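A.B. asks: What shape does this take:
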Amino acid sequence: MRLNDRIFGLLMFVLAVAYGWGAQQFPEPFSGTEAVGPETFPTILAVVLALSSVYLMVRPDPNNGWPLGRTAVEMLISIAVLIVYTLVLEPLGFIVATTLMVGTLCWRMGAPVVRSYITGLIGGIVVFLLFNYVLELSLPWGVLSFLEVH
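C.D. replies: Numbers count the residues shown, from 1 in each chain. Down below sits the predicted model:
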């Protein structure tokens, strides 16, 4: 079963490289180069993913098999939810899209529906405020743009 981890590690490494390259393509801020810009957080994620995937390729788990049955279906649902999240992030906005994504994933993992979406809403608001007002990295307002202070 070591081959499973190595294949997965290789796929994740390719994803990390593509994600890191994509992060470097963000336009330079109007004021010029900054220590923390829009590419900082995605670049950090790409590096962590690349290091983790290299670890999987070098030290695979000997007893790890591909998921089957319900587990495989749940993983495919999770991937679909994350793909839809990326597609609706701009039009719906970060808070709404994150609420739906986190709520759905929590619910699929067995949490009660209402608590799942409340968790998603609180998480979306907290992360939005952190990025927009503490880190000064704009996230999309989407359908909530009427709340934006100019």
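
A.B. asks: Where does the prediction get shaky in the protein?
C.D. replies: Counting by pLDDT under 70, the chain has low-confidence residues at 1, 29-35, 150.

A.B. asks: Look at the residue sitting nearest the centre point of the chain and give its secondary structure.
C.D. replies: The geometric centre of the chain, computed from its C-alpha atoms, lies nearest to L82 (Cα atoms, centre = their mean), at 7.4 Å. On the three-state scheme (DSSP: H, G, I helix; E, B strand; the rest coil), L82 is labelled helix.

A.B. asks: Please report how far it lies from S145.
C.D. replies: Relative to S145, L82 is positioned 24 Å away (Cβ to Cβ, to the nearest Å). For glycine as for every other residue, the C-beta is placed from the backbone atoms N, C-alpha and C.

A.B. asks: Helix, strand, or coil at the closest residue to F41 other than its chain neighbours?
C.D. replies: Beyond its immediate neighbours in the sequence, the residue positioned closest to F41 (Cβ to Cβ, 6 or more residues apart in numbering) is L137, lying 7.3 Å away. Secondary structure for L137, judged by three-state DSSP, is coil.

A.B. asks: So L137 sits against F26, correct?
C.D. replies: No: proximity of L137 to F26 does not meet the contact threshold set by Cβ atoms under 8 Å, at 10.4 Å.
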